[in-house]
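>>> Give me the fold of what follows.
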Amino acid sequence: MTTTTQARRSHVETMIAQVALGDRAAFDALYAATSGRLYAICLSVLKDRVEAEEALQDVYVSIWRAAGRYTVNGLSPMTWLITVARNRAIDRLRARKGVAAVPEDAVDLPTPVPDGETHAIRAEQQQHLLECLDELDEDRATAVRGVYLEGMSYADMAQAQGVPLNTVRTWLRRSLMRLKDCVDR
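As a prediction, this is how the structure comes out:
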């Protein structure tokens, strides 16, 4: 792990610890540092900008309330934040089943456009992640994409792959470890 990565991890962990103590300035800083990534997670699951923005609000309410339960465990604090975001988005996705479609006259607010440098960095990170996904066996990569990018439940993925639920859990756990090692290279 690079020194920059370690410093970023430590900075995010410090902000979470300060949020746990009720520090609003740290909360604002944490939002500024992580909201773009967490919004992207919500959007990838929900496929709807307005709903992703609402989910992101729920995410930060949850982070404010649960920051005291975050424990430093050697993993990236972004893993915890991304898990919160993914779970909130999946909860919304499941809740929307059976809900009427958004009216056509609903206002579609534009999302902030990242600057050129931010866009280039994100594109490079995305390409690196796709290359890492390509290193996985096809069934494992399909499981990771389905569960973490498309919001499928573990049970739905097990059914789609025709394997037991615990097999999917094992695939995902091992695949995430391999992806982490690959991304850290």
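
>>> Look at the residue nearest to the spatial centre of the chain and report its pLDDT.
What sits nearest the mean C-alpha location of the chain, by CA atoms, centre = their mean, is residue 82, with 3.4 Å. pLDDT for residue 82: 90.

>>> And it, how close does it get to residue 176?
Look at residue 82 and residue 176: by CB to CB, to the nearest Å, they are 11 Å apart. (Glycine included, C-beta is placed from N, CA and C.)

>>> and if you look at residue 33?
In this view, residue 33 and residue 176 are 22 Å apart by CB to CB.

>>> now do residue 35
Residue 35 is 23 Å from residue 176, where distance means CB to CB.

>>> for residue 60, same thing?
For residue 60, the distance to residue 176 equals 24 Å [CB to CB].

>>> Comparing those two, which shows the higher neighbour count?
In terms of neighbours (other CB atoms under 10 Å), residue 60 is the more surrounded of residue 60 and residue 176; the figures are 20 against 14.

>>> Remind me which helix or strand the nearest residue to that one once chain neighbours are set aside belongs to.
Once flanking residues are discounted, residue 60 sits nearest to residue 31: 6.1 Å by CB to CB, 6 or more residues apart in numbering. Using DSSP states H and E, residue 31 sits in helix 24-46.

>>> Can you list the buried residues in the lowest-mean-pLDDT helix or strand in the chain?
The weakest-scoring helix or strand in the chain, judged by mean pLDDT, DSSP states H and E, is helix 116-134 (a mean of 77). By neighbour count on 16 or more other CB atoms under 10 Å, the buried set for helix 116-134 is 132, 133.

>>> for stretch 169-176, same thing?
For stretch 169-176, burial by neighbour count (16+ other CB under 10 Å) applies to 171, 172, 175.

>>> In the protein, what residue spans correspond to helices?
For the chain, helices defined by DSSP state H occupy the ranges 3-20, 24-46, 49-66, 77-96, 116-134, 138-144, 154-161, 165-184.

>>> Dump the C-alpha coordinates for the fifth one into PDB.
In other words, helix 116-134. These are the backbone C-alpha positions of helix 116-134, laid out as PDB (Å, rounded to 0.1, in the frame of the first residue of the first chain):
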ATOM      1  CA  GLY A 116     -11.500  17.300 -16.200                       C
ATOM      2  CA  GLU A 117      -8.900  16.100 -13.800                       C
ATOM      3  CA  THR A 118     -11.500  14.300 -11.600                       C
ATOM      4  CA  HIS A 119     -13.100  12.800 -14.600                       C
ATOM      5  CA  ALA A 120      -9.700  11.500 -15.900                       C
ATOM      6  CA  ILE A 121      -8.900  10.000 -12.500                       C
ATOM      7  CA  ARG A 122     -12.200   8.300 -12.200                       C
ATOM      8  CA  ALA A 123     -11.900   6.900 -15.700                       C
ATOM      9  CA  GLU A 124      -8.500   5.600 -14.900                       C
ATOM     10  CA  GLN A 125      -9.700   4.000 -11.700                       C
ATOM     11  CA  GLN A 126     -12.700   2.500 -13.500                       C
ATOM     12  CA  GLN A 127     -10.500   1.000 -16.200                       C
ATOM     13  CA  HIS A 128      -8.200  -0.500 -13.600                       C
ATOM     14  CA  LEU A 129     -11.100  -2.000 -11.800                       C
ATOM     15  CA  LEU A 130     -12.500  -3.500 -15.000                       C
ATOM     16  CA  GLU A 131      -9.100  -5.000 -15.700                       C
ATOM     17  CA  CYS A 132      -9.100  -6.500 -12.200                       C
ATOM     18  CA  LEU A 133     -12.600  -7.900 -12.800                       C
ATOM     19  CA  ASP A 134     -11.300  -9.500 -16.000                       C
END
